[in-house]
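Undergrad: Attaching a predicted model along with its sequence, questions to come.
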Amino acid sequence: MPNLKSIFLAKLFIFFAFSLQSIHCQADVGGLNKADSLFNQRSYKEAMEIYSSNYQEGIYSPAMLLKMAFIAEGIGDDEQATLFLSKYYDLNPNPEAITKIKSLTGQSTLFGYQVSDSQRFIIFLAEYQGYIVGFLSVLLFLSIVGIWLTGRNLEKTQNYWPTLLLILVTFLVNNFLTGPRTGLITSSPTFILSKPTAGGDLIDRVEPGHRVNITANKDIWYEVEWKDKKAYIKKADVTRM
């Protein structure tokens, strides 16, 4: 008859191994240090290549985003500079970032940058999702070791609930912890409509720089929140953040 305890522990070790593999935000520290060195030497193109590679992997810091915005502005790519500054603002909200975005986009007022404390907390958790999963995985490993050590003493009762709870929490954090889906308006002009069709009523006509919270996809349209109302914008006019 199979040893149920051994099978259970084996499955936990397999889950733990997959949890460690899923941690995707472990930055190439050596590569980022090299990029910073290139930036300091004003080799901006080479530095940007490394920064962009890490950014695509979801690896970035406020300092890195500022450097990317500086490089993008230097080569005349105000759209990308605005995107990086907008992302920077989520991590480090300050009026200087908003002032710079206004300067890049020629806007006097920007909408979509008001983020509540609860939303900012979710954004913070989502940005450090990999580290949280890693911490939970370590706790899970220690829990497995505890089960194994306890199991060697036949007089002690096994308690699997803490380990099962860690499995559940690790799975939920790894698969469902996401920040708000935000988009940066990048086309000039952008029409915000009441329906996902060219025949919808015009709610607003805006220039690049504003942000929207994306709530759904509808063919070539995004359903968004605009000034506390449901509206629609063509996907081509928005860059996902």
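TA: Yep, that arrived.

Undergrad: Surely Tyr60 is within a strand?
TA: No: going by DSSP: H, G, I helix; E, B strand; the rest coil, the assignment for Tyr60 is coil, not a strand.

Undergrad: My read is that it contacts Lys87, right?
TA: Yes: the criterion here is CB atoms under 8 Å, and Tyr60 meets it with Lys87 at 7.4 Å. All C-beta spots, glycine's among them, are computed from the backbone N, C-alpha and C.

Undergrad: for the chain, where's the lowest mean pLDDT among helices and strands?
TA: Every helix and strand in the chain was compared by mean pLDDT, DSSP states H and E; the lowest is helix 4-21, with a mean of 49.

Undergrad: just checking, what packs against the helix or strand just after it?
TA: Beyond helix 4-21 on the C-terminal side, the first helix or strand identified by DSSP states H and E is helix 29-40. If contacts are counted by 3 or more CB pairs under 8 Å, 6 or more residues apart in numbering; DSSP states H and E, helix 29-40 sits against helix 44-56, helix 62-74.

Undergrad: which helices and strands does the longest strand along the chain pack with?
TA: Looking across the chain with DSSP state E, the single longest strand is strand 211-218. When contacts are defined as 3+ CB pairs under 8 Å, 6+ apart, strand 211-218 sits against strand 182-185, strand 221-226, strand 229-234, strand 238-240.

Undergrad: which residue packs closest to the most centrally placed residue in the chain, ignoring adjacent ones?
TA: For the chain, Glu127 is the residue whose C-alpha lies nearest the centre (CA atoms, centre = their mean; 4.9 Å). Among residues not flanking Glu127 along the chain, Leu91 sits closest, at 6.7 Å (CB to CB, 6 or more residues apart in numbering).

Undergrad: what's near enough to touch that neighbour?
TA: Shown in contact with Leu91 (CB atoms under 8 Å, 6 or more residues apart in numbering): Ser61, Pro62, Leu65, Ile123, Phe124, Glu127.

Undergrad: Looking at the residues you listed, which is nearest Pro208?
TA: Leu65 (18.2 Å; CB to CB).

Undergrad: Let me know how buried that closest one is, in neighbour terms.
TA: 23 (other CB atoms under 10 Å).

Undergrad: wait, it sits on Leu83?
TA: No: in this structure, Leu65 is not within contact of Leu83 by CB under 8 Å, at 9.3 Å.

Undergrad: Quick check: bridge partners of the residue lying closest to Trp226 once chain neighbours are set aside?
TA: Among residues not flanking Trp226 along the chain, Ile192 sits closest, at 5.4 Å (CB to CB, 6+ apart). As for beta bridges, Ile192 partners with Asp204 under DSSP bridges.
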